[in-house]
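Novice: Sequence first, predicted model second:
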Amino acid sequence: MQPSGTPALEANGISLRFGGLTVLNDVSLEVGQRQIVSLIGPNGAGKSSLVNCITGFYRPQRGTVTVFGEDVSGLPPQKIAKHRVARTYQNIELFDGMSVLENLLLGRHMHMSSGPISGGLWWGKARNEELREREVVEDLVDFLELESIRNAPVSLLSYGQRKRVDLGRALAQDPHILILDEPMAGMNVEEKEDMVRFILELQETRAISIVLIEHDMGVVMDISDRVAVLDFGQFIAMGSPDEVKNDPAVIRAYVGGAKEIAS
Ligand SMILES: Nc1ncnc2c1ncn2[C@@H]1O[C@H](COP(=O)(O)OP(=O)(O)OP(=O)(O)O)[C@@H](O)[C@H]1O
């Protein structure tokens, strides 16, 4: 049960250094329930690092992270995932030799109390659990329209298809908060349109709160409730897509990086 009114996710005062390099400097981010909050900024601004701090992959020197009001600061990634926070990765993290279905089942296994080994035994509690997990995964196959490639080895799929399976792997964890690190990178227009449709459906029908790192400004400005702009490890703007698009500091950061903000 998600406590109403509490933000889905709060990062407060996060500072991260690697040796002499300050990657994040006193960064705070709030994601309301069922919001899509996009994290944008030039290459190297610190977007993935912030996500790594939120999900426990990096340990910031300062700052706290709460998930639906619960302090998860300093917990390792598996423990944060148990708070129903799932993510996709910039470099897709799938098991290449396995089929789409097997990859989704593996993503699901972290929820099985009997664990993957006993889950493989076809009797008793483990068997019932396995059957239930398969139903959840079948639902994901339908939702993400993976039917025609369900048994295909992931290694044979196109890049766009692999991105979609990676989203499925994250969704198999039944998240309340989903963090998407460049889910549309390398996709063609049609694949991007599908991905946008899935993201909006996740927000609307599955009540998932979403953090989106994405370089396609057209998509970001179209689907975000709020946009947060990082530059050199600090937020330089935060607000509605319209507010951010017209912010002089944002325009400067992007023009400086030889990029344009789509209207
Ligand atoms: N593990 C690490 N060790 C040392 N430096 C790191 C590490 N992770 C990130 N950095 C540095 O932190 C800075 C921010 O990197 P980060 O990947 O977070 O940026 P980004 O905004 O996600 O960039 P991009 O859009 O290119 O993915 C970079 O200078 C990067 O080299």
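Specialist: Looks like it arrived, so ask away.
Novice: residues from this structure in reach of the ligand?
Specialist: Neighbours of the ligand within the chain, by CB under 6 Å from any ligand atom: 18, 21, 23, 41, 43, 44, 45, 46, 47, 48, 49. For every residue, glycine as well, the C-beta is placed using N, CA and C.
Novice: Now the last one. Nearest residue, chain neighbours left out?
Specialist: Right, residue 49. Once flanking residues are discounted, residue 49 sits nearest to residue 23: 4.8 Å by CB to CB, 6 or more residues apart in numbering.
Novice: show me the contacts for the nearest residue to residue 184 once chain neighbours are set aside.
Specialist: Take residue 184 and drop its neighbours on the chain: the residue closest to it by CB to CB, 6+ apart is residue 192, 4.8 Å away. Residues in contact with residue 192 (CB atoms under 8 Å, 6 or more residues apart in numbering) are 184, 216, 219.
Novice: mind checking the SS state of the closest residue to the second one other than its chain neighbours?
Specialist: I take that to be residue 216. Nearest non-adjacent residue to residue 216, counting by CB to CB, 6+ apart: residue 184, 5.5 Å away. On the three-state scheme (DSSP: H, G, I helix; E, B strand; the rest coil), residue 184 is labelled coil.
Novice: follow-up on the earlier one: in which helix or strand would I find the residue nearest to residue 184?
Specialist: Using DSSP states H and E, residue 192 sits in helix 189-205.
Novice: What residues sit buried inside that helix?
Specialist: By neighbour count on 16 or more other CB atoms under 10 Å, the buried set for helix 189-205 is 191, 192, 194, 195, 196, 198, 199, 202, 203.
Novice: average pLDDT for the longest helix seen in the chain?
Specialist: The helix spanning the most residues in the chain, taking DSSP state H as the definition, is helix 124-143. Mean pLDDT, computed over helix 124-143, is 84.
Novice: Off-centre distance for it?
Specialist: Using CA atoms, centre = their mean, to the nearest Å, the mean C-alpha position of helix 124-143 is found 23 Å from that of the whole chain.
Novice: now that helix and helix 189-205, what's the angle there?
Specialist: 120 degrees (axes from the mean of the first three to the mean of the last three CA atoms, to 10 degrees).
Novice: Quick one: list the elements packing against helix 124-143.
Specialist: Judged by 3 or more CB pairs under 8 Å, 6 or more residues apart in numbering; DSSP states H and E, the packing partners of helix 124-143 are helix 100-109, helix 115-119, helix 159-171.
Novice: ok, of those, where does mean pLDDT dip lowest?
Specialist: Mean pLDDT values for these show the minimum at helix 115-119, a mean of 49.
Novice: could you list every residue that touches residue 8?
Specialist: 2, 31, 32, 33, 34, 35, 67, 68, 176, 177, 209 are the contacts of residue 8 under CB under 8 Å, 6+ apart.
Novice: And residue 167, by the same measure?
Specialist: By CB under 8 Å, 6+ apart, the contact set of residue 167 is 88, 144, 180, 183, 195, 198.
Novice: for stretch 78-96, the distance to its chain's centre please.
Specialist: With CA atoms, centre = their mean, you get 8 Å for stretch 78-96.
Novice: That stretch: which residues count as buried?
Specialist: 80, 81, 83, 84, 85, 86, 87, 88, 89, 92, 94.
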